[in-house]
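In: Any chance you could fold what I've pasted below:
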Amino acid sequence: MPALYIHIPYCLQKCRYCGFVSFPVNYQEEMPSTAGQKDYVPDAYIDALCQEMRETAEQRYFSGDNGYKYTNNIISTVYVGGGTPSLLAAAQLARIIAGVKSVFALADDAEFTLEANPETYTREKFLAYRALGVNRISLGIQSFQPEYLRYLGRAHSREKAAEALRGAREIFDNVSVDLLNNLPGQTLEQSAADLRTALDFQPRHISCYELTVERGTPLATERGTLAAEKTVRNELGAEMYLQTKKILEDHGYAQYEISNYAQAGYASRHNLAYWSDEPYLGLGLAAHSYDKARKLRRANTRDLKNYLQKIFHRESEPENDFNKIMMGLRKNSGIPETYLDERQKAAAQKLVSEELLVWRNNNLCATNRGRLVLNQVLLELM
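Out: Purely as a prediction, here's the structure:
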């Protein structure tokens with residue numbers, strides 16, 4: 001059953017590290033008039049999104065030789081990402097969900113995730129989201145420490161993060177928290193403190209990513225400073241990774257992907273579809289789709305003006321078979337041998353002898369040592 005991703009590209013402000021296709025809500029370039037509209041997300045974007053759904057209903061992407069339409073599929077997971085989807089008014093989310101249900105069949109037990117940022121939290125809004133069918137909230141906190149919230153360009157405070165996390169846990173059973181690790185100058189103690197603060201609220205899932213500097217972001221202009229710290233940050237990053245793993249496992253969170261930990265039964269089903277070579281459909285500005293049967297990837301336009309004018313520019317390209325190796329080795333369960341050609345099998349055996357990979361349950365998996373140098377491992381297999 002395919003997974004459905006919906007992109008909402010608006011934020012209150014653009015974070016300094018963010019490389020995603022998103023825009024601050026005051027971004028007016030080539031946007032249709034929103035005069036009189038009180039909501040942060042323009043209704044014109046919702047109009048375009050619903051139009052894309054209707055067009056998609058007539059197309060055949062998840063298909064074999066004979067083809068079959070999306071409408072013949074049961075969607076197992078829905079993930080509304082961004083951007084900051086929690087800027088959506090409840091009425092706007094209701095329109096999106098109505099559009100989804102008019103085109104697709106949703107599984108009775110579908111996982112329905114909505115990304116949220118703390119500064120947008122209100123109890124009334126989150127209750128409305130739950131009533132509309134959202135059953136999982138992914139809360140982008142990144143840090144509880146004021147100096148790093150300022151450095152990252154986050155719009156919320158430590159206090160607002162705690163309020164949003166507490167409120168989300170009261171309304172939703174399934175709450176995930178995003179944190180960033182290995183920030184410039186960050187110590188092991190500060191990293192552990194962020195984890196322990198999050199654990200006080202008992203979220204079901206915690207993602208802890210290492211900060212990366214993306215081209216075109218404000219942080220990229222500080223590349224010289226970051227480069228000077230690179231060796232120290234790499235060494236500390238390894239320590240933080242091992243510390244994160246120990247703290248979370250000691251508190252009952254199982255690692256299932258290199259940066260993701262969950263209580264039993266709460267791994268992200270949607271993200272597992274990406275990492276497990278499963279098909280998915282992306283709707284919205286710059287959204288990506290994967291047609292596994294035809295081995296094609298498809299991308300929507302990144303041009304906001306075109307998208308708002310309902311010009312979606314879907315471009316397809318052949319799937320790179322290495323992607324499923326790269327994504328699969330991030331998971332604890334690893335990849336089957338069938339993913340590898342003969343040259344890659346030989347390279348894998350060498351990496352096994354170096355204790356960077358290991359065979360487990362007939363799958364090839366990265367060891368703890370291998371995860372610390374995963375890019376090197378992937379280069380050997382490329």
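In: biggest helix in the chain by residues?
Out: For the chain, the helix that runs over the most residues, judged by DSSP state H, is helix 230-250.
In: Report the buried residues of that one.
Out: Neighbour counts over helix 230-250 (16 or more other CB atoms under 10 Å) mark 233, 236-238, 240-241, 243-245, 247-248 as buried. All C-beta spots, glycine's among them, are computed from the backbone N, C-alpha and C.
In: residue ranges of the strands in the stretch 151-300 of the chain, please?
Out: 174-181, 205-210, 254-257, 260-262, 280-283, 288-291, 296-299 (DSSP state E, counting those that start in this stretch).
In: could the ones you listed go into JSON lines alongside distance to residue 77 and mean neighbour count?
Out: Listed next are these as JSON lines, based on distance: least, CB to CB, whole Å; neighbours: other CB atoms under 10 Å:
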{"stretch": "strand 174-181", "distance to residue 77": "12", "mean neighbour count": "22"}
{"stretch": "strand 205-210", "distance to residue 77": "14", "mean neighbour count": "20"}
{"stretch": "strand 254-257", "distance to residue 77": "15", "mean neighbour count": "18"}
{"stretch": "strand 260-262", "distance to residue 77": "15", "mean neighbour count": "24"}
{"stretch": "strand 280-283", "distance to residue 77": "9", "mean neighbour count": "23"}
{"stretch": "strand 288-291", "distance to residue 77": "14", "mean neighbour count": "20"}
{"stretch": "strand 296-299", "distance to residue 77": "19", "mean neighbour count": "16"}
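In: okay, the ones you listed in TSV with mean pLDDT and distance to residue 378 next?
Out: Output for the strands of the stretch 151-300 of the chain, formatted as TSV (pLDDT from 0 to 100; distance: least, CB to CB, whole Å):
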stretch	mean pLDDT	distance to residue 378
strand 174-181	97	20
strand 205-210	96	16
strand 254-257	98	15
strand 260-262	98	18
strand 280-283	95	22
strand 288-291	92	19
strand 296-299	92	19
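In: out of those, nearest to residue 50?
Out: strand 280-283 (9.5 Å; CB to CB).
In: Mind giving me the packing neighbours of that closest one?
Out: strand 3-8, helix 43-57, strand 288-291 (3 or more CB pairs under 8 Å, 6 or more residues apart in numbering; DSSP states H and E).
In: Show me the one of these that comes nearest residue 280.
Out: Closest to residue 280 of the helices and strands packed on strand 280-283 is strand 3-8 (CB to CB; 4.1 Å).
In: Within the sheet, what are the partner strands of that closest one, with directions?
Out: Under the criterion DSSP bridges, strand 3-8 sits next to strand 74-82 (parallel), strand 280-283 (parallel) in its sheet.
In: And the longest one, how far out from the chain middle?
Out: With CA atoms, centre = their mean, to the nearest Å as the basis, the distance from the averaged C-alpha position of strand 74-82 to the chain average is 11 Å.
In: pLDDT (mean, whole number) over it?
Out: Across strand 74-82, pLDDT averages out at 95.
In: Buried residues in that strand, which are they?
Out: Here strand 74-82 shows 75-82 as buried, counting by 16+ other CB under 10 Å.
In: Let me have those residues in CSV, extended by distance to residue 7.
Out: Shown next, in CSV, are the buried residues of strand 74-82 (distance: CB to CB, whole Å):
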residue, distance to residue 7
75, 16
76, 19
77, 15
78, 12
79, 10
80, 8
81, 6
82, 7
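In: on that earlier part again, adding distance to residue 164, write the helices and strands packed on strand 280-283 out as CSV.
Out: Output for the helices and strands packed on strand 280-283, formatted as CSV (distance: least, CB to CB, whole Å):
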stretch, distance to residue 164
strand 3-8, 18
helix 43-57, 24
strand 288-291, 28
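In: Let me have the strands of the stretch 151-300 of the chain in TSV, extended by distance to residue 105.
Out: Shown next, in TSV, are these (distance: least, CB to CB, whole Å):
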stretch	distance to residue 105
strand 174-181	22
strand 205-210	26
strand 254-257	28
strand 260-262	27
strand 280-283	13
strand 288-291	18
strand 296-299	21
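In: Could you break this protein into its assigned domains?
Out: Split into domains by automatic domain parsing, the chain comes to 3-274, 321-382.
In: which one of these lies closest to residue 309?
Out: Here domain 3-274 is closest among these (CB to CB), at 7.8 Å.
In: Endpoint to endpoint, the closest one covers what distance?
Out: End-to-end distance for domain 3-274: 9 Å, by CA to CA, to the nearest Å.
In: Likewise for stretch 356-369?
Out: Start-to-end, stretch 356-369 (CA to CA) is 6 Å.
In: who touches that stretch?
Out: 242, 245, 258, 329-330, 332-337, 339-340, 348, 351-352, 355, 370, 373-374, 376-377 (CB atoms under 8 Å, 6 or more residues apart in numbering).
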